[in-house]
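[1] Here is a sequence with its predicted model. Questions after.
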Amino acid sequence: MTDPIADFLTRIRNAVKANHKVVEAPGSKIKEAITKILYEQGYILAYKFDKDEKGHPVIKIALKWNAATKTNAIKNLKRVSRPGLRQYSSVADMPRVQNGLGIAIVSTSKGIMTGAQACRENVGGEVLCYVY
């Protein structure tokens, strides 16, 4: 697998479209950071970092579902920077997702954070994905 972040986002996107309640994906430190950001921003209900029977890390994510409107909190996940074409952004050019209704997840020198947090910290970095 050449792009584990894209695989992780695709697993979540497919689970949302199939109306699944829980999605399971292989774990890593960057995926854990992305999962924590999604939880803090209110896009997922809960998460758990675990190990499978072979001892490999696994992330279990409970997706947020609104029963009244029958919609998920996550409308779309889009991978921006990829191994073949990295996308970097300075503080002045930090993207606004859906005119401020979504978030951009950015990998900076101070860690993985949202685009708004990166602006507050006055750091730029690689734009990993958009969530809205």
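    Nice, thanks for sending it over. Numbers count the residues shown, from 1 in each chain.
[2] Please list all residues in contact with residue 97.
    Residue 97 is in contact with 103, 104, 115, 130, 131, 132, counting by Cβ atoms under 8 Å, 6 or more residues apart in numbering. C-beta: built from backbone N, CA, C; applies to glycine.
[3] Reformat those as CSV; add neighbour count and distance to residue 57.
    What follows is these, written out as CSV (neighbours: other Cβ atoms under 10 Å; distance: Cβ to Cβ, whole Å):
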residue, neighbour count, distance to residue 57
103, 24, 24
104, 22, 26
115, 23, 27
130, 19, 25
131, 24, 22
132, 17, 28
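[4] Show me those residues that map onto strands.
    Taking DSSP state E, the ones among the contacts of residue 97 that sit in strands are 103, 104, 130, 131.
[5] Can you tell me the centre-most residue of this structure?
    In the chain, the C-alpha nearest the mean C-alpha coordinate belongs to residue 34, at 4.5 Å (Cα atoms, centre = their mean).
[6] Confirm it sits in a strand?
    No. Read with DSSP: H, G, I helix; E, B strand; the rest coil, residue 34 is helix and lies in no strand.
[7] do you know how far it is from residue 5?
    If you measure residue 34 against residue 5 using Cβ to Cβ, to the nearest Å, the figure is 7 Å.
[8] Just the CA trace of stretch 102-113, in CSV.
    Presented in CSV, the C-alpha positions along stretch 102-113 are these (Å, rounded to 0.1, in the frame of the first residue of the first chain):
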residue,chain,number,x,y,z
GLY,A,102,-15.6,22.1,7.2
ILE,A,103,-12.1,21.6,8.4
ALA,A,104,-8.7,21.1,6.8
ILE,A,105,-6.3,18.7,8.6
VAL,A,106,-2.7,19.9,8.3
SER,A,107,0.6,18.3,9.2
THR,A,108,2.8,21.0,10.6
SER,A,109,6.1,21.2,12.4
LYS,A,110,4.1,21.4,15.7
GLY,A,111,2.1,18.2,14.9
ILE,A,112,-1.1,17.4,13.1
MET,A,113,-3.9,20.0,13.6
